[in-house]
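Engineer: Let's see this in three dimensions:
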Amino acid sequence: MKLDPVTLEIIGNKLGALTEEMCLTLQRTSRSLYVKETADFCCALAGPDGRFTAYPRGIGVSGFVGLDVRTAVDQAGPLEPGDVIVTNDPYTSGGLATHLTDIQLIEPYFHDGEIAAYGWAFIHCSDIGGRVPSSLAPTNHEIYQEGLRIPPVKLLRAGEPSRDIAALLAANSRTPEANDGDLRAMLAALRTGRERLTQVIAQHGAADIAAAHTDLVDYTAEKATAALAQLRDGTYRFTDYLDDDAVSPVPVRISVTATLDRGALHLDFTGTDPQVDAAFNIASHGRAHAWITTRVLALICTLDPAVPLNGGLIRPVSVTAPEGSVVNALPPAAVGIRHATASRVNDALGGALGLAAPEVMPAASSGLVVPVVVAENAPGGGQNVQVLEPMVGGTGARDGADGVDGRDSGISNLANNPVETVETEIGAQIIRYALRPDSGGPGRWRGGCGLELVFRVLDDDCRLLARGLERMRFRPWGSAGGGPGAPAELVVNEGRAGERRHAKIDMLALRRGDTVTLRTSGAGGYGDPWTRDPLAVLGDVRRGLVTREAAARHYGVAVTTASDGRPALDETATQELRRDAPPAPIGTGPERAAWDTVHDTEAADRLIAALFRLPQSRRYARRAAIHTAVLGELPDGFPAVTASDVELAAARAALEAHTTELEAETTG
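Structural biologist: Below you'll find the model as predicted:
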């Protein structure tokens, strides 16, 4: 460490404040609802080596602190003062951009002719072209369908806008004015960062700022290593599943093996399924990328809340991510719904690390982020494409605390959109936006409840997109005897003529008067629900989070009505209910338990290993064919529909036969 601790703390706080001010500038001047209200954006300061050395703590997307601008900078070529790089391509930017609707800007900040730092800003834009409004849909199978790819190029040259680039961007979006407004907001944020960095350099000198870039990251890396060293050394494995890939009914397996060794953490994703012909892939480039390490960063910050936020958080973490897997996809794989896979990676990481630190790690969160997009014809022509609401669920319960209801910051800390603003900017009427009763997994500590959104469409020719729909088949799992959360639901015109229930959707056409109901999954519970404090259950009933029927069924707590009309505890009936405890709930849920009776760990590992011995281009089709044959031995709707012992045995035999055939083919 070159700087003394006091000077380093002062400079670190000033640089952190600089990034916060950049974010405030961006949010206050942005154009689109998803940026100015939802806050799907961020700004940061990177050192000359490209690592983030200062990152905002209280505003913007928190999970990207481990990203790196170096690849994008190198791709753009030599830089001079006033240059600004733009990119949105996950492949050519080295994973800085994670899907095409995330537009990145990078500005080199010069001092005395040398680059002193890089300013970085990103926003999630409303639309960047592609097959569907808002650009992203789960059934896209290659990145070319997801919109305009922008390799790292110069949006500004020596302070002068590139009119060619601007024209290209405008011509390839359904919302060019909103995009232009957000780009201008990012440029304003970068200007704010440049001006504030100049002031900090004037106060402390260029040499100290250069030293701080290194020292801040080193200091954070030391604290991150010390935090992870609190966990028990060893090797821990956990698997989880995406419901399916929206193209086929086959679930997508995520496997992680975490090895802890004196503060170093290695994550091995061997056993994870090959990349899919759908938009659920992550372009991690085989690195400790943000989308496959977010849960680790959150754990470090939980173990040491004082750790500074910068790229040093990721230094103790190394990764093995098989090339061509869903967590290390190769181009031209579609990546638009990568956040759904990142959520499941988070849950798998939480499960593995929970084996090392059960007293710290929570049960599974709701495990979904669903930006509900409405696309409609705009007055005067064009289209209005807006995120009506970014829907999440709850946070998993942990030892000593219930989960958080209706809030899950597992992969992002997006805000909800005010109803008044939504109804001003979108042709929709919000009927209900509330917590979903009985959705949190039962436990000594209850899982966080999901959300319920009901809205009515006010105009014809409206289209609905709800990317990221998940946990509709496999429920968020509970821990230490806790039960799973309720699965998610999507219903059009519920309780009316023409009611339609949907799984994952690509794009739904809606007409005036149609209603849409989305109920997000609840999070997993922790501990035996029969040991939950009856007064805590009563409190849940009074707040409308648990119904009286569920209180009796899941917790053995009888709730009656007091003379004042309020729910009250019936102690005698509760004692009677709790006299004989029921069997412990299936922590993973009955659907996952049924799936595992066919696809146990060994069988799934064998199949995936054999698939990876095929050429990458042949893996997806072969995998789908094998699973289709296996599912053909089971009843429609499995695993939600119960299979007989005979059917289960036939399915296991089919899986064994197809796997053996593939092994012979790929090892002969």
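
Engineer: what are the phi and psi angles of Thr25?
Structural biologist: For Thr25, the backbone dihedrals (degrees, to the nearest 10) come out as phi -60, psi -40.

Engineer: what sits against it?
Structural biologist: Thr25 is in contact with Ala185, Ala188, Ala189, Thr192, counting by CB atoms under 8 Å, 6 or more residues apart in numbering. C-beta here means a position set from N, CA and C on the backbone, and glycine is covered the same way.

Engineer: Just put these in CSV and tack on secondary structure and pLDDT.
Structural biologist: Conversion of those to CSV gives the following (DSSP: H, G, I helix; E, B strand; the rest coil; pLDDT from 0 to 100):
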residue, secondary structure, pLDDT
Ala185, helix, 97
Ala188, helix, 98
Ala189, helix, 98
Thr192, helix, 98
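
Engineer: Counting neighbours, which of those comes out on top?
Structural biologist: Neighbour counts for the contacts of Thr25 (other CB atoms under 10 Å) peak at Ala189, which has 30 neighbours.

Engineer: for that one, what are its contacts?
Structural biologist: So Ala189 contacts Met22, Cys23, Thr25, Leu26, Cys43, Gly119, Ala121 (CB under 8 Å, 6+ apart).

Engineer: Whichever of the residues you listed end up buried, select them in ChimeraX.
Structural biologist: Buried residues among the contacts of Ala189 (16 or more other CB atoms under 10 Å), as a ChimeraX selection:
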select :22,23,25,26,43,119,121
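
Engineer: Dump the contacts of Ala189 to CSV, plus distance to Gly443, pLDDT and secondary structure.
Structural biologist: Shown next, in CSV, are the contacts of Ala189 (distance: CB to CB, whole Å; pLDDT from 0 to 100; DSSP: H, G, I helix; E, B strand; the rest coil):
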residue, distance to Gly443, pLDDT, secondary structure
Met22, 41, 98, helix
Cys23, 37, 97, helix
Thr25, 43, 97, helix
Leu26, 40, 97, helix
Cys43, 39, 98, strand
Gly119, 45, 98, strand
Ala121, 41, 98, strand
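
Engineer: Closest one of the contacts of Ala189 to Leu577?
Structural biologist: Using CB to CB, Cys23 is the member of those that sits closest to Leu577, with 51.1 Å.

Engineer: how near is the closest one to Leu67?
Structural biologist: Using CB to CB, to the nearest Å, one gets 15 Å for the distance from Cys23 to Leu67.

Engineer: How about stretch 210-228, which residues are buried there?
Structural biologist: 210-225, 227-228.

Engineer: So which of those residues sit within helices?
Structural biologist: 210-225, 227-228 (DSSP state H).

Engineer: Now do the strands in the stretch 51-200 of the chain.
Structural biologist: Assigned strands in the stretch 51-200 of the chain, in chain order: 52-54, 84-87, 102-111, 114-124, 153-157, 160-161 (criterion: DSSP state E, counting those that start in this stretch).

Engineer: Name the stretch among these that sits most buried.
Structural biologist: Sort the strands of the stretch 51-200 of the chain by mean neighbour count, taking mean count of other CB atoms under 10 Å, and strand 52-54 sits at the top with a mean of 30.

Engineer: Now do the domain split for this protein, please.
Structural biologist: As assigned by automatic domain parsing, the chain contains the domains 5-223, 366-528, 590-667.

Engineer: Could you give the average pLDDT over the shortest one?
Structural biologist: Averaged over domain 590-667, pLDDT sits at 97.

Engineer: Span of that domain from start to end?
Structural biologist: Using CA to CA, to the nearest Å, the end-to-end distance of domain 590-667 comes out at 36 Å.

Engineer: now that domain, how far from the chain's geometric center?
Structural biologist: Relative to the centre of its chain, domain 590-667 is centred 27 Å away, using CA atoms, centre = their mean, to the nearest Å.

Engineer: And the second one, by the same measure?
Structural biologist: Centroid separation between domain 366-528 and its chain, computed with CA atoms, centre = their mean, is 14 Å.

Engineer: Let's have the strands of the stretch 51-200 of the chain in CSV, adding distance to Arg471.
Structural biologist: Output for the strands of the stretch 51-200 of the chain, formatted as CSV (distance: least, CB to CB, whole Å):
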stretch, distance to Arg471
strand 52-54, 31
strand 84-87, 32
strand 102-111, 24
strand 114-124, 22
strand 153-157, 39
strand 160-161, 44
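
Engineer: Quick check: Ala375 is in a strand.
Structural biologist: Yes - assessed by DSSP: H, G, I helix; E, B strand; the rest coil, Ala375 belongs to a strand.

Engineer: Just to check, it is in contact with Cys462?
Structural biologist: Yes - assessed by CB atoms under 8 Å, Ala375 is found in contact with Cys462 at 7.2 Å.

Engineer: mind listing what the residue lying closest to Glu37 once chain neighbours are set aside touches?
Structural biologist: Nearest residue to Glu37, sequence neighbours excluded (CB to CB, 6 or more residues apart in numbering): Asn417, at 4.7 Å. Going by CB under 8 Å, 6+ apart, Asn417 touches Leu33, Glu37, Thr38, Val387, Leu388, Glu389, Pro390.

Engineer: Surely the fifth one is within a strand?
Structural biologist: It refers to Leu388. Yes - Leu388 sits within a strand when classified using three-state DSSP.

Engineer: distance of it from Gln275?
Structural biologist: In this view, Leu388 and Gln275 are 30 Å apart by CB to CB.
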